[in-house]
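What would the 3D arrangement of this be:
(one chain, ligands or ions: 1)
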Amino acid sequence: MRRAVACGTCGNEVLCEKFSPAHTQIQWTDEAAEVCPRIRAGVAAGEPSARVRSCEALRGSIDAAVASGLLEVGGPS
Ligand SMILES: [Zn+2]
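Numbers count the residues shown, from 1 in each chain. Here you go, the predicted structure:
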C-alpha cells in the first residue's frame with residue numbers, strides 16, 4: 001500500500017511503500033535534489049544525489065507514519 005509521507009523538515013512529499021521493516025521504497029514526486037534542501041545541499045557539496053537520497057528527517061517521518069499505522073508494512077498485495 002503506497003502512502004504519501006511529507007518530510008517533517010522540508011515539507012517535501014514522497015510516496016512510500018513499506019515491503020518489510022528493512023525495505024522501504026520511496027518514490028520522489030519531483031527531482032529529489034530540487035525539492036529536498038538536504039539533498040540539494042549534499043549535491044552542492046559534491047555528493048552524487050543517489051547517495052544523499054535518504055533525508056534523515058524524511059526517514060524519521062516515514063518511521064513515524066509506520067508507528068502510527070498510517071504506513072502499513074506489508075507483503076505483496
Ligand atoms: Zn527533507
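
How about residue 20, nearest residue that isn't a chain neighbour?
Residue nearest to residue 20 in three dimensions, not counting chain neighbours: residue 73, with 6.5 Å by Cβ to Cβ, 6 or more residues apart in numbering. In short, each C-beta sits where N, CA and C put it, glycine included.

Okay, that neighbour and the ion: tell me how far apart.
22 Å (Cβ to the ion, to the nearest Å).

outside of stretch 3-10, which residues touch it?
Applying Cβ atoms under 8 Å, 6 or more residues apart in numbering, the set of residues contacting stretch 3-10 from outside is 12-17, 35-38, 55, 57-58, 60-62, 64-65, 70-71.

Could you identify the longest strand within this structure?
strand 13-20 (DSSP state E).

Distance from the chain centre to it, please.
In terms of Cα atoms, centre = their mean, to the nearest Å, the centre of strand 13-20 is found 7 Å from the chain centre.
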